[in-house]
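> Turn this into a model:
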Amino acid sequence: MLGVVAAMRRTLLSCTSLARNGLMGLAFSALLTSGSAFAADLGITDAISDWLDLNHQEFAVLATAFALLGFSVVSAILLMRNRTRAARNESKLRAQINELTAQTDRLSALLFAEPQVLISWPAGGDRPRISGDISLLLPEGQSPQRVLAFGSWLPPDPALQMDRAVDALREKGEGFMLNLATSAGRAVEAMGRAIGGQAIVRIRELSGVRRELAESNLRYKTLLEETELLRDFAGAAPWPIWAKDSQGILRYANAAYAKATEARSVADAIHRCMPQEAAVVWDWSPDAELDQQRAGAPAAFAAARWQQFYPGDAYVDWWGVNLFSPPSLSSAATHDFLTEADSRRFPVMIAESTLRGASVHDPHAAIDQWFAPYFGLLRGTKGIKAFCYIDWDWRIYPQWADWGDARIESDATVLEFYRSQVLNTSGTTPWLSGGADRATARSVLRLAEK
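Sure, this is the predicted structure:
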């Protein structure tokens, strides 16, 4: 034991030069000047120094060496623990990255299972990200950014329509769905939505039933434009032109025909030829008026705008109104229209109505935003004598896909609310059930045939 102590003494003596130079002496003198409060500790220190045959400077060096050794051991232990923890976290994060990568690959495979192009603009950004099969729209070797030059793969009119729709999507968040024919003759569907703060446009080639439906829609629009041209031509022709249906009822006449038959107007000429059991309903859409107001038309002149199309009290039997969007149910224009009909003592028919912009699959939102205000309007307006609800799934039509599913029988909550509004407590209804499929309507509402 004495040999070990002697060896330690010799080692420590070799370090006393540092203390003599002032480094360790300064630390030791700081300990010595700590005051009488440490007198007991100094007594223990002196006893240990005497037992090891060390002076105070040598003992200070020994204590410093042990402190450094302890600090190094503790630091090494903490370092190893941190490295182990970091390695564990890194392994967990790598596993998550691999899982997310695999999920991304699966979603990409599903997304691009059919030829399509995706364009996304981040919120507040002007540089889009374009992915997908651009050969669907552009020749081989073209830059993906050329997809944004819609005129390079669309005819002029559809390209302008697409450009305006994309601008409205990015600036106002307005979604769209367009069926287009490319310059190469391909039928494509362009759909735009605002999702998660991004503006997303998806362009895909149509096939099968969707292609046939899109082509039918394009043919319908073409025929509609041609019909409007023919109608304008017939209206401006100086000789009488008219058309009757298979039952001999006059369905169309121009101004020359009205003049030749000494009628006061075209509406008067048609009204004269109608059978006694038929009634003329003059129909108006508040949604069209709201569109004009959003475009800047003054709301104060709403009545003046629809009155310019009114043929006159002598030529109509009912006033009709179409209700689709939730704002149309409570707009001032709708209220003024119903008030004017009541002042002229005309019964009002809700000629067309359907849940728009929502879905019965979110029943509480559908009831709160549409069905409750709708039936509130029916009960609160004494002049409304008839209503027609279009029970249909609009998602099957590309041009109306964003209207949603309006079939009341698709959700039990919506169906029960609808029944509670049209049935009495006895289970009968004060409304006469009409329509082309009366049996189906009564079956949905669970009404017994009378």
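> Please make it C-alpha for all contacts and neighbour counts, starting now.
OK.
> pLDDT weak spots in the protein?
Applying pLDDT under 70 to the chain picks out residues 1-56, 59, 109-113, 275-277, 424-450.
> mind listing the strands for it?
For the chain, strands defined by DSSP state E occupy the ranges 116-121, 129-132, 176-181, 187-195, 198-205, 242-244, 250-253, 281-284, 318-323, 348-353, 384-387.
> closest one to residue 407 among the ones you listed?
strand 348-353 (12.2 Å; CA to CA).
> roughly how far is that closest one from the heart of the chain?
Averaging C-alpha positions (CA atoms, centre = their mean, to the nearest Å) puts strand 348-353 29 Å from its chain's average.
> and what of stretch 403-421?
Worked out by CA atoms, centre = their mean, stretch 403-421 lies 22 Å from the chain centre.
> and what of stretch 71-81?
Remark: stretch 71-81 is offset 54 Å from the chain centroid, using CA atoms, centre = their mean.
> highest average neighbour count across the strands of the chain?
Stretch with highest mean neighbour count among these: strand 318-323 (a mean of 23; mean count of other CA atoms under 10 Å).
> Mind giving me the packing neighbours of that one?
Using 3 or more CA pairs under 8 Å, 6 or more residues apart in numbering; DSSP states H and E, the elements in contact with strand 318-323 are strand 281-284, helix 286-294, strand 348-353.
> ok, it: who's next to it in the sheet?
Paired strands of strand 318-323, with direction, are strand 281-284 (parallel), strand 348-353 (parallel) (DSSP bridges).
> Quote the end-to-end distance of stretch 400-409.
Distance between the two ends of stretch 400-409: 20 Å, counting by CA to CA, to the nearest Å.
> Now that stretch: buried residues?
For stretch 400-409, the neighbour count (16 or more other CA atoms under 10 Å) marks 401-409 as buried.
> Give me the contacts around it.
When contacts are defined by CA atoms under 8 Å, 6 or more residues apart in numbering, stretch 400-409 is touched by residues 177, 354-361, 390-395, 414-415, 418, 444.
> most residues in a single helix of the chain, which one?
Taking DSSP state H as the criterion, the chain has its longest helix at helix 56-111.
> Can you name the residues that contact residue 338?
Neighbour list for residue 338: 348, 381, 383 [criterion: CA under 8 Å, 6+ apart].
> Put together JSON lines for these, with distance to residue 299 on each row.
What follows is the contacts of residue 338, written out as JSON lines (distance: CA to CA, whole Å):
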{"residue": "348", "distance to residue 299": "22"}
{"residue": "381", "distance to residue 299": "22"}
{"residue": "383", "distance to residue 299": "24"}
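> what does the domain assignment say about the chain?
The chain resolves into domains spanning 116-205, 279-444 when parsed by automatic domain parsing.
> Figure out which of these is closest to residue 240.
Closest to residue 240 of the domains of the chain, according to CA to CA: domain 279-444, at 20.0 Å.
> what separates that closest one from the chain centre, distance-wise?
Distance of domain 279-444 from its chain centroid, counting by CA atoms, centre = their mean, is 25 Å.
> about what we covered before: output the domains of the chain in a markdown table; the columns should cover distance to residue 57.
Shown next, in a markdown table, are the domains of the chain (distance: least, CA to CA, whole Å):
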| stretch | distance to residue 57 |
| --- | --- |
| domain 116-205 | 70 |
| domain 279-444 | 84 |
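> how about stretch 369-377 as CSV, C-alpha atoms only?
Presented in CSV, the C-alpha positions along stretch 369-377 are these (Å, rounded to 0.1, in the frame of the first residue of the first chain):
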residue,chain,number,x,y,z
GLN,A,369,-78.5,24.3,-45.4
TRP,A,370,-81.3,23.2,-47.8
PHE,A,371,-84.2,21.1,-46.7
ALA,A,372,-85.2,23.1,-43.6
PRO,A,373,-85.1,26.5,-45.4
TYR,A,374,-86.9,24.9,-48.4
PHE,A,375,-89.9,23.6,-46.4
GLY,A,376,-89.8,26.8,-44.3
LEU,A,377,-90.3,28.8,-47.5
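> what about residue 168, neighbour count?
15 (other CA atoms under 10 Å).
> quick one, what contacts it?
174-175.
> Contacts for stretch 195-212 next, please.
114-123, 136, 166, 169-170, 173, 186-194, 214.
> redo that, cut-off 6 Å
With CA atoms under 6 Å, 6 or more residues apart in numbering as the contact definition, stretch 195-212 has outside contacts at 116-123, 170, 187-193.
> which of those sit farthest apart?
The most distant members of the contacts of stretch 195-212, if one measures by CA to CA, are 123 and 187, lying 30.1 Å apart.
> What about residue 345, how many residues nearby?
13.
> let me fix that: residue 315
If you count neighbours by other CA under 10 Å, residue 315 ends up with 20.
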